[in-house]
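In: Build me a model:
(chains A and B)
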Amino acid sequence: MKTRNLVVPVMIGCALAVASICVAQRNNRSGGFAPRGETVDRFNHGSVRHEATHVVHVPEVRRDEHVERRSNVIVSGRRPTVHHDVDLDVHGRSFWHGFVRGQRFHSLPRGFLSFHVGALPYFYYGGIFYQEADGGYEEVYPPVGAIIPTTPENPFEVIVGGQVFYYAGGAFYQQQPDGSFAVVAPPIGAIVPELPPGAVQVSLNGTIAYQFNGVYFEPVFVSGITQYEVVAP
Amino acid sequence: MQLASGQQVQAGRNIAVQMRRPDRLRAEIRSTRRNRELIYDGKSVTLLNRAQNFYGTVNVPGSLDQAMDTASERFGIAMPLEDFLRSDPYKDLLHNVTSGRDIGPVTVMGVACEHLAFTQGNIDWQVWIDSGPIPSPRKFVITYKDEPGTPQFTAIFSDWDFTTPLPDFVFKFDPPPGASKVRVKEVRESVKPHQTEAK
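Out: Down below sits the predicted model:
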């Protein structure tokens, strides 16, 4: 007896599926951190067998008491969920997507912040940092150590080693005990869904990578789609 | 999907699948700006991101069923409609079903079908099966009951072909010119505390 699966050359060709998919975007706008039940991402819609298994469990983040109590700061981070095969730019473009290093302006956007990092004066607006240049202002790389009151709009929430980072405009931010956010060194191993604006393609140990402000982002397939991992040079 | 404003919009894509049982698969998933392929040659799964010209390969020997299991468990790779690629779709689809009913005869794209509806844990799903001599699915809908706005996945099967022979070369992967090979991350690895990989 021949079993049907092995011997009969069943060939299913060209099942052209015009599939419309619906992906729920995480919409963590309720303020504060996402409750535990929401630390689940699903981005593989379209199969019954992955009804329960297509969730990605992210480790629960342990928070300190004093962070928990500070409820006036709204963190609207989103997990670096990438919508499979979806053309619609559901995230939209944020102000920081327009970062071009060295781009100059006569004046700063209304509502800018000014502060020093070390001894150097910086200006900030919407996820982009500026310094004075030739009587105007130019866009500069995010300086590690800068502290801003809240994250830029629509940052990606990235968890590395149990720690929460917010990624926007090529910068990684971490919340401070007082509720503000500091630009920190990009954590090795962070996986982000998009490259920093203006990252340049380079070759790193024979592998393709992208460089931004001395940090290397290597393309990797995560759950079947391309994302970028911060790697040591 | 839900926009940041809360508005619901639909996104579409085309999937072309070529399969030869028990262990060959080539699937291309296409939308206007994105294009990815998944190829299984009986030994390894290759992912190709044609838009950016990246590809990655992982060894997952075995039947297509085994390869699909490994790909999803270890690498988080799942394909829309893969239920219909299983060796026993009926068994797998009904595995967790808690209730089902026959809604009756319905025409899908001009084809007479039987409309079946099922319910289980997080989802409801419906399938429209061709009433003709080959009972192939013609339409498939999943409703995600546990997600905000209960989004739906809808697929129309537009062109079944059970006769064209598919030789080995169809399932052989040749990197496109200039393509870069990139790593395929294990799912568990990506949620572990950070680790640097050996080059």
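In: for the record, mean pLDDT for stretch B:111-127?
Out: The average of the pLDDT scores along stretch B:111-127 is 96.
In: same deal with stretch A:105-118?
Out: With pLDDT averaged residue by residue, stretch A:105-118 scores 95.
In: and residue 178, what pLDDT?
Out: Assuming you mean chain A. According to the model, A:Asp178 scores 94 on pLDDT.
In: let's do chain B instead
Out: 94.
In: wait, isn't it in contact with B:Asn53?
Out: Yes - in this structure B:Gly178 lies within contact range of B:Asn53 using Cβ atoms under 8 Å: 6.0 Å. Every C-beta, even on glycine, is put in place using the N, C-alpha and C of the backbone.
In: ok, the two, which is more surrounded?
Out: Residue environment comparison for B:Gly178 versus B:Asn53 gives the larger neighbour count to B:Asn53, 14 against 6, counting by other Cβ atoms under 10 Å in any protein chain shown.
In: ok, how many other residues are close to B:Gln126?
Out: Neighbour number of B:Gln126 under other Cβ under 10 Å is 19.
In: Phi first, then psi, for it.
Out: The main-chain torsion angles of B:Gln126 are listed as degrees, to the nearest 10 and equal phi -130, psi 150.
In: pLDDT averaged over the longest helix anywhere in chain B, what's the number?
Out: Ranked by number of residues, the top helix in chain B under DSSP state H is helix B:64-75. The predicted model gives helix B:64-75 an average pLDDT of 90.
In: next one: stretch A:162-174
Out: Across stretch A:162-174, the per-residue pLDDT values average to 95.
In: Quickly list the domain ranges of chain B.
Out: The record's domain parsing of chain B by automatic domain parsing lists B:9-81+B:167-199, B:96-162.
In: how about the helices of chain A, start to end?
Out: Secondary structure of chain A (DSSP H): helices at A:4-7, A:65-69.
In: any weak-confidence spans in chain A?
Out: The model of chain A has pLDDT under 70 over residues A:1-44, A:52-92.
In: Where do the strands of chain B begin and end?
Out: Counting by DSSP state E, chain B forms strands over residues B:11-20, B:24-30, B:35-40, B:44-49, B:54-59, B:99-108, B:111-119, B:123-130, B:137-144, B:152-157, B:180-181, B:183-184, given from the N-terminal end onward.
In: hang on, the earlier thing: export the domains of chain B as a markdown table, with columns for distance to chain A.
Out: Compiled in a markdown table, the domains of chain B are given as follows (distance: least, Cβ to the nearest Cβ, whole Å):
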| stretch | distance to chain A |
| --- | --- |
| domain B:9-81+B:167-199 | 3 |
| domain B:96-162 | 3 |
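In: Where among those is average confidence lowest?
Out: For the domains of chain B, mean pLDDT drops lowest on domain B:9-81+B:167-199, to a mean of 86.
In: can I get the strands of chain B in CSV with distance to A:Ala185?
Out: CSV is the format used below for the strands of chain B (distance: least, Cβ to Cβ, whole Å):
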stretch, distance to A:Ala185
strand B:11-20, 36
strand B:24-30, 36
strand B:35-40, 32
strand B:44-49, 29
strand B:54-59, 26
strand B:99-108, 54
strand B:111-119, 49
strand B:123-130, 42
strand B:137-144, 38
strand B:152-157, 40
strand B:180-181, 27
strand B:183-184, 23
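In: can you pull the contacts of the residue lying closest to B:Gln52 once chain neighbours are set aside?
Out: On the basis of Cβ to Cβ, 6 or more residues apart in numbering or on different chains, the spatially nearest residue to B:Gln52 that is not a chain neighbour turns out to be A:Thr226, at 6.1 Å. Listed by Cβ atoms under 8 Å, 6 or more residues apart in numbering or on different chains, the contact set of A:Thr226 reads A:219-220, B:49, B:52, B:54, B:182.
In: Write the ChimeraX selection for whichever of the residues you listed are buried.
Out: Typed into ChimeraX, the next command selects the buried ones out of the contacts of A:Thr226 (criterion: 16 or more other Cβ atoms under 10 Å in any protein chain shown):
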select /A:219,220 /B:49,52,54,182
